[in-house]
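> Please work out how this folds:
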Amino acid sequence: MSTQSTDKEPASRLNRSRADTARARLLEAALPHVPFEGWSDSVLRRAARDAGMSEDEAALYCPEGVLSLIVFWWRELDDQAREAILSAERPAKIRERIRDSVLARLDAAAGQEDAMARARARLLLPDGLATGAELAWNTSDMIWRAIGDTSTDANWYSKRAILTGVWTSTLAIWLSERELEKPQTRAFLDRRIANVMEFEKVKAGVNKQLARLPDFAAMAARLRYGTR
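Numbering: from 1, shown residues only. Now for the predicted structure:
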């Protein structure tokens with residue numbers, strides 16, 4: 001991902017705060033070094049020098065150190081993917097919408113697989129686990145909202161929990177595949193979505209059957225207290 005200006009800036013970049021503008025400069029300076037050195041404090045210090053900032057300024061804009069920069073990058077990629085999803089033609093079937101949206105999110109980081117792999121490894125360290133889980137959840141939430149999900153009940157949580165599992169496992173395959181078109185990733189994603197849709201179909205059938213069963217609690221109450 002490049003943070004350099006283009007003729008048509010994404011909407012998410014038009015009204016950046018001063019802090020986000022500074023983080024974008026740090027990110028642009030850091031990304032060339034990350035594949036070789038990882039997301040480390042030394043890379044953040046080097047990025048600050050390259051961006052013409054002091055270490056104190058970098059600490060101000062990245063209070064959690066390099067984790068703050070990873071979070072900023074991740075959100076930038078989410079924003080980029082959201083704009084791609086919203087501007088693309090929306091398939092009729094929900095499974096196709098999910099598939100296309102997950103691929104759009106992966107494509108947002110295309111060409112930066114090594115940096116993303118390093119970010120994933122950094123987020124798997126003890127001090128990054130909570131942040132990594134939150135970022136994965138936010139990506140799933142972004143996808144559901146972008147494809148038009150309006151659920152507000154328990155389905156809101158279950159949809160995002162399921163998609164988080166699909167997203168994280170697919171990301172792992174995407175990072176390990178070197179083919180430019182990512183055929184293994186696409187096949188894996190199709191299988192995961194098919195498995196989820198089959199599970200949802202079975203769950204719906206079970207719930208339908210359960211709804212037809214007698215209310216055993218009410219029956220037990222009548223047996224104990226009688227009827228009026």
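> quick one, helices of the chain?
11-14, 18-30, 34-37, 41-50, 55-61, 66-87, 94-108, 113-123, 129-146, 154-176, 183-212, 216-225 (DSSP state H).
> In a markdown table, list those helices along with mean neighbour count.
Using the backbone N, CA and C atoms, a C-beta is placed for each residue, glycine as well. Converted to a markdown table, the helices of the chain look like this (neighbours: other Cβ atoms under 10 Å):
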| stretch | mean neighbour count |
| --- | --- |
| helix 11-14 | 12 |
| helix 18-30 | 19 |
| helix 34-37 | 15 |
| helix 41-50 | 17 |
| helix 55-61 | 15 |
| helix 66-87 | 20 |
| helix 94-108 | 20 |
| helix 113-123 | 20 |
| helix 129-146 | 18 |
| helix 154-176 | 17 |
| helix 183-212 | 13 |
| helix 216-225 | 9 |
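> mind giving me CSV with those helices and columns for mean pLDDT?
Shown next, in CSV, are the helices of the chain (pLDDT from 0 to 100):
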stretch, mean pLDDT
helix 11-14, 59
helix 18-30, 97
helix 34-37, 96
helix 41-50, 96
helix 55-61, 96
helix 66-87, 98
helix 94-108, 96
helix 113-123, 97
helix 129-146, 97
helix 154-176, 94
helix 183-212, 73
helix 216-225, 49
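> Please tell me I have it right and Ala30 contacts Val43.
Yes. Look at Ala30 against Val43 with Cβ atoms under 8 Å: they come within range, at 5.4 Å.
> ok, Trp73 to Ala154 distance?
32 Å (Cβ to Cβ, to the nearest Å).
> Please apply the same query to Ser169.
Shown here: Ser169 relative to Ala154, a distance of 23 Å by Cβ to Cβ.
> Could you do Asp41 as well?
Distance of Asp41 to Ala154, computed by Cβ to Cβ: 41 Å.
> Likewise for Gly38?
Distance of Gly38 to Ala154, computed by Cβ to Cβ: 39 Å.
> contacting residues around Ala88?
By Cβ atoms under 8 Å, 6 or more residues apart in numbering, the contact list for Ala88 reads 100, 104.
> got a list of what Asp127 touches?
Shown in contact with Asp127 (Cβ under 8 Å, 6+ apart): Leu67.
> tell me the pLDDT at it?
Residue-level confidence at Asp127 comes out at 96, pLDDT.
> Leu26 versus that one, what's the distance?
In terms of Cβ to Cβ, Asp127 sits 20 Å off from Leu26.
> likewise Met116?
Using Cβ to Cβ, Met116 is found at 17 Å from Leu26.
> Could you do Ala109 as well?
Relative to Leu26, Ala109 is positioned 18 Å away (Cβ to Cβ).
> One more: Asn15?
For Asn15, the distance to Leu26 - Cβ to Cβ - is 19 Å.
> list the contacts for the most centrally placed residue in the chain?
Closest to where the C-alpha atoms of the chain average out (Cα atoms, centre = their mean) is Thr139, at 2.4 Å. By Cβ under 8 Å, 6+ apart, the residues touching Thr139 are 74, 78, 105, 164, 167.
> list the contacts for the nearest residue to the first one once chain neighbours are set aside?
In this structure, Trp74 finds its nearest non-sequential neighbour in Leu135, 4.9 Å apart by Cβ to Cβ, 6 or more residues apart in numbering. Counting by Cβ under 8 Å, 6+ apart, Leu135 touches 71, 74, 123.
> and of the residues you listed, the nearest to Arg99?
Arg99 lies nearest to Trp74 out of those, by Cβ to Cβ, at 21.0 Å.
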